[in-house]
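Q: make a model of this:
(chains A and B)
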Amino acid sequence: MGILNLSINSKEHSIRPGLALLATIVLAPLAQSQQSDLPDGQGKEVVQRMCTQCHSLSVVTGQRMSREHWAAQVEDMVSRGAKGSRADVDLVIQYLSAFYGSTTTGTNSSAGEQSKGSSAATTAGVIPRNESVPGGQHSEPEEKKGQFVSHRDPVHPTDVTPERILGADKEPQNWLTFNGTYRSNHYTRLNQITAKNVKNLELKWVFQTHWLDPYEATPIVADGVLYTTQGNDVVALDAESGRMYWIYRYTPAADSRLCCGRITRGLAIHGSTLYLAAVDAHLVAIDAHTGNPLWDTHVARTQSGYTMTGAPLVVRDHVIIGVAGGEYGIRGFIASYNAYSGMLEWKFYTTAGPGDPGSSSWQGDTYKIGGGSVWLTGSYDFETNLLIWGVGNAGPDYNGDQRPGDNLYTSSMVALDADTGKLKWYYQANPHNEFDWDAVQTPLLVDMQWHGQLRKVLLWANRNGFFYVIDRTTGKFLLGTAFVKQNWNAGFDTDGRPIMTPNSKSSEEGTLIFPDNQGGTNWFGTSYSPRTGFFYISAREGYSTLFVKAPQRYTEGERYDGRGRRRPGGFNNVVGSDMDKFLAIRALDPKTGDRKWQYILNSGLSLNPFGGWQTNAGASGILTTASDLLFVGGREGNLVVLDARNGKELWQRQLGAPMLMDPISYSVNGKQFFAIDAGLAIYVFGLSDGATE
Amino acid sequence: MRQPSSVGITCLLMSALTFACGTIPSHPAVSAEAGQLSDKTTSGKTIFDGKGKCLSCHRVADHGSYMGPDLSAIGANRTPQELQKALEAPSPQVSPQNQLYRVVGNDGKIITGRLLNQDTNTIQMLTADARLVSLKKANLRSFNFTNTPPMPYYSDKLTVAERTDLIAYLLSLRGVVRQ
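A: From the prediction side, this is the model:
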């Protein structure tokens, strides 16, 4: 009937019921080219004759409607010019109700139909959005199948279903979540770019943002469209050419308190809706086709210092977010909002209040302003239905005297039931932390042999300089080893609680602690390759800070950090020891924490483009591939490709600006791409044409 | 009153001011008045969703078609008089951003939708079945806006009372409301 499907790409999107009722008339020429295998039954010929006067049958076969809806639909089509007798119309209604009713599964899925033959788009040069993996081989264990069904209103489009997100590693041509998959391993099964052909890697396109604040954005890619942020704006780009489809401009409230710039690190997608966690603590749903906003939910009070800078994570119909603002005396939380309505479903406070486990780790009302910000995206374990998320440090940051106790669940990893937000377990890396060590670093979920048995663990490189292995089903501490120089930890007790070295606490005169407050690592994503079995980390080596405390009164919306830190020798005094500071890409054996190799990416002593010396090394996150490559960029602007097996440099380019977020890889039309932000732009690389060998 | 063009599609193509009928604005965030609709706006919504067939072209929040202008915030951007004119005497001229765009591949295949962007070598479109696609002009035989008729006249499709209610409903659509 008068429903149109221009099958631009044979496998791309499902048809949207009720959506395509228009364009009909313009498309009569299409009818001849459409394919159809309607199930046999009375009325089949009439359906073919009447409906294909204007459009493809795939539009019909892609729908499931009640008899009443089919009747209305058919009558509408007749009013629009569909030719047929009254008996024909009744027959069509009967046929469609029988074979494509709301309770039938149909015998001719649109997907099956679409898979036939060449589509208009393919031959017309339209870029296919879905394809097999270049090279295609992988050896990773299959995700376990299970019940994972969203409670989706059937009228909603279903482009990126929760089921697709769950199986994101099965479609490596896309990058469907901030961390790529729920396991957050920053590993792609794509393997077209190899050690042999990486010399042919070339710049394909650049997206220059119109933005002046720090830019830390990791895109997502869905079916050939790359979605990313520009500050708090959202843009949709053709992933192959970089050409823009649309831009959604969002101006955050001017009263936001921001410690570190108007940063929005990424997006989430569900169906055909994007989710933006804006810095003024608004969660905004956006139509991925047009950039039009759908709803806008105020999450927390900006005047109190709440903000959001991390990408949301979608689990089924839950949109999970965390709040930042630990420098302003917030009470941190992780929360779930309904993907369709934007209504709050649950909230988990990251500082334990009365009645919560560990509430005695706070005194009085200190938990109400105790920090525990959540500004990076966590992981999701499907098998246990647990959200596993890192929590920031307690506030005031540097003066623990104002908050006696362990200050649970700050500087911890927490595991929450995804449907209720109920706490299942926690592991606190730094009780009573006075060193600004957020523990928000994303955990990587890995199943690995551990002392002779397969164990479900998480791998976690903490800002405090330690690499952890934790049983992700129970929270049991399994391993903790330093991956950079440190002087605060003298070991762990049997429960994994750190044993502090003497005098490892902030002081009025300043206490020298390794690593510094920026940590042994920071927000840069780590990677785990199931091929090499290594855990990869951007490690800041040799940094230290004099941590200084002072009393501080809490005033809503004002900084609440209890003093701060001093660089040994003074912030602007470059001393010889700076030559010992650098950023290294390190491969660790996760079973032991032993270093397998390192590659020094940048030094802690380089020329700052704004003048003077730059003494703070940093890097992007790390991406590894099924072809054993490792992509990473540094603060000095060097983008490198390493051999993930041994750290050997294979390729290098200077991009002229720091790289601060996580690289991703995707493919379009059978071509693998690699994207990373540098400075205020996103750079996308791929092999030169014909250079895949 | 003039009849819609012979192709017989109600809201297929719309005028520069284009507001017609369409959708189920189920999301409360879209309309400031949602949840407290007056009788007239409730009636107007029923017309919008049903008799008017506005969904065929337009969209409100997450319902409807992408081919016509999104009406989620139409009430914040148009006066009652403008809405009345759009329904009863729509302009025959369709502004470019609201025209359908049609490309024909070198093999004769046709794609229709809204033009989002283009440059010397490529075209970016939102197709009729809601896909973002990028096309290479070298692979296209032709690419143009379609010579499409404007939004149909509703004077002879809806009664005065129905049009009044429909306008009341359209005026209630104020865009996304912060919750």
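Q: show me where chain B has helices.
A: Secondary structure of chain B (DSSP state H): helices located at B:39-49, B:74-77, B:80-88, B:160-172.
Q: over to chain A?
A: With DSSP H as the criterion, chain A has helices spanning A:28-31, A:44-51, A:58-61, A:67-79, A:86-99, A:110-114, A:120-123, A:162-166.
Q: picking up where we left off before, out of the helices of chain B, which is closest to chain A?
A: Chain A lies closest to helix B:39-49 among these, at 11.1 Å (Cβ to the nearest Cβ). No exception for glycine: its C-beta is placed from N, CA and C like everyone else's.
Q: any residue of that closest one up close to chain A?
A: No. Helix B:39-49 does not reach chain A (Cβ under 8 Å from any Cβ of the partner chain); its nearest approach is 11.1 Å.
Q: so, low pLDDT: which residues of chain B?
A: For chain B, the stretches with pLDDT under 70 are B:1-37, B:148-150.
Q: quick one: residue A:682 and chain B, what's the gap?
A: For residue A:682, the distance to chain B equals 17 Å [Cβ to the nearest Cβ, to the nearest Å].
Q: for that residue, name its beta-bridge partners.
A: residue A:207, residue A:677 (DSSP bridges).
Q: thinking again about what came up before, now the helices of chain B in TSV, with mean neighbour count?
A: Formatted as TSV, those follow (neighbours: other Cβ atoms under 10 Å in any protein chain shown):
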stretch	mean neighbour count
helix B:39-49	20
helix B:74-77	18
helix B:80-88	17
helix B:160-172	21
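Q: what sits closest to the residue nearest in space to the middle of chain B if chain neighbours are left out?
A: Nearest to the centroid of the C-alpha atoms of chain B, with distances taken as Cα atoms, centre = their mean, sits residue B:68, at 2.7 Å. Spatial nearest neighbour of residue B:68, excluding adjacent residues (Cβ to Cβ, 6 or more residues apart in numbering or on different chains): residue B:57 at 3.4 Å.
Q: neighbours of residue A:329, just the number please.
A: For residue A:329, the count of nearby residues is 23 (other Cβ atoms under 10 Å in any protein chain shown).
Q: my guess is it contacts residue A:371. True?
A: Yes. Assessed by Cβ atoms under 8 Å, residue A:329 is found in contact with residue A:371 at 7.2 Å.
Q: list residues touching both of those two?
A: Shared contacts of residue A:329 and residue A:371 (Cβ atoms under 8 Å, 6 or more residues apart in numbering or on different chains): A:395-396.
Q: from memory the residue nearest to residue B:68 sits against residue B:67, does it?
A: Yes. With contacts counted by Cβ under 8 Å, residue B:57 reaches residue B:67, the gap being 5.2 Å.
Q: contacting residues around residue A:477?
A: Residues near residue A:477 by Cβ under 8 Å, 6+ apart: A:427, A:468, A:470, A:492, A:495-496.
Q: partners of it in the sheet?
A: residue A:470.
Q: where's it relative to residue A:385, distance?
A: For residue A:477, the distance to residue A:385 (Cβ to Cβ, to the nearest Å) stands at 22 Å.
Q: residue B:126 too?
A: Distance from residue B:126 to residue A:385, counting by Cβ to Cβ: 36 Å.
Q: and these two? which has more neighbours close in?
A: A count of neighbours by other Cβ under 10 Å puts residue B:126 above the other of residue B:126 and residue A:385, at 21 against 18.
Q: and the spatially closest residue to residue A:629 that is not a sequence neighbour, what are its bridge partners?
A: The shortest distance from residue A:629 to any non-neighbouring residue, by Cβ to Cβ, 6+ apart, is to residue A:641 (5.5 Å). On the basis of DSSP bridges, residue A:641 is bridged to residue A:631, residue A:651.
Q: how far off centre is stretch A:524-533?
A: 16 Å (Cα atoms, centre = their mean, to the nearest Å).
Q: contacts for that stretch?
A: A:139-141, A:179, A:184-187, A:218, A:441-442, A:444, A:446, A:448, A:459, A:461, A:534-538, A:587, A:589-590, A:618-624, A:626, A:628, A:630, A:644-645, A:660-662.
Q: for the residue nearest to residue A:629, grab the count of nearby residues.
A: Residue A:641: 24 surrounding residues under other Cβ under 10 Å.
Q: residues contacting it?
A: A:198, A:201, A:629-631, A:649-652.
Q: quick one, what contacts the closest residue to residue A:395 other than its chain neighbours?
A: Leaving out its chain neighbours, the residue that sits closest to residue A:395 by Cβ to Cβ, 6+ apart is residue A:371, at 3.1 Å. Applying Cβ under 8 Å, 6+ apart to residue A:371 gives the contacts A:326, A:329-332, A:351, A:392-397, A:410.
Q: one more: residue A:419?
A: A:318, A:385.
Q: what's the answer for residue A:384, then?
A: By Cβ under 8 Å, 6+ apart, the residues touching residue A:384 are A:415, A:424, A:456, A:472-473.
Q: where's it relative to residue A:454, distance?
A: Counting by Cβ to Cβ, the gap from residue A:384 to residue A:454 is 15 Å.
Q: surely residue B:158 is in contact with residue B:47?
A: Yes. With contact defined as Cβ under 8 Å, residue B:158 reaches residue B:47; the gap is 6.6 Å.
Q: what residues are shared contacts of these two?
A: When Cβ under 8 Å, 6+ apart defines a contact, the residues bordering residue B:158 and residue B:47 alike are residue B:166.
Q: are any of the contacts of stretch A:524-533 buried, and which?
A: A:179, A:184-187, A:218, A:441-442, A:444, A:446, A:448, A:459, A:461, A:534-538, A:587, A:590, A:618-624, A:626, A:628, A:630, A:644-645, A:660-662 (16 or more other Cβ atoms under 10 Å in any protein chain shown).
Q: narrow those residues to those in strands?
A: Using DSSP state E, the members of the buried ones among the contacts of stretch A:524-533 that fall in strands are A:187, A:444, A:446, A:448, A:459, A:461, A:535-538, A:587, A:623-624, A:630.
Q: out of the residues you listed, which comes closest to chain B?
A: Using Cβ to the nearest Cβ, these come closest to chain B at residue A:623, 24.6 Å.
Q: so what's the closest one bridging to?
A: residue A:631.
Q: got it, and residue A:600?
A: On the basis of DSSP bridges, residue A:600 is bridged to residue A:584.
Q: give me the pLDDT for it.
A: pLDDT for residue A:600: 93.
Q: for the nearest residue to residue A:489 once chain neighbours are set aside, which residues are in contact?
A: Spatial nearest neighbour of residue A:489, chain neighbours left out: residue A:498 (5.0 Å); criterion: Cβ to Cβ, 6+ apart. Neighbouring residues of residue A:498 by Cβ under 8 Å, 6+ apart: A:429-431, A:480, A:488-489, A:491-492.
Q: and the buried ones among those residues, selectable in ChimeraX?
A: Typed into ChimeraX, the line below selects the buried ones among those, using 16+ other Cβ under 10 Å:
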select /A:429,430,431,480,488,489,492
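Q: among the contacts of residue A:498, name the ones in strands.
A: A:480, A:489, A:491-492.
Q: residue contacts, the residue nearest to residue A:519 when sequence neighbours are not counted?
A: Leaving aside its sequence neighbours, residue A:519 sits nearest to residue A:463 (Cβ to Cβ, 6+ apart; 3.0 Å). By Cβ under 8 Å, 6+ apart, the contact list for residue A:463 reads A:437-439, A:441, A:515, A:518-522.
Q: could you redo the last one with a cut-off of 10 Å?
A: A:390, A:392-393, A:411, A:429-430, A:433, A:435-441, A:515-523, A:540 (Cβ atoms under 10 Å, 6 or more residues apart in numbering or on different chains).
Q: quick check, central residue of chain A?
A: residue A:178 (1.1 Å).
Q: wait, isn't that residue in contact with residue A:664?
A: Yes. In terms of Cβ atoms under 10 Å, residue A:178 counts as a neighbour of residue A:664; the distance is 9.4 Å.
Q: hang on, the earlier thing: against chain B, how distant is the residue nearest to the centre of chain A?
A: Using Cβ to the nearest Cβ, one gets 20 Å for the distance from residue A:178 to chain B.
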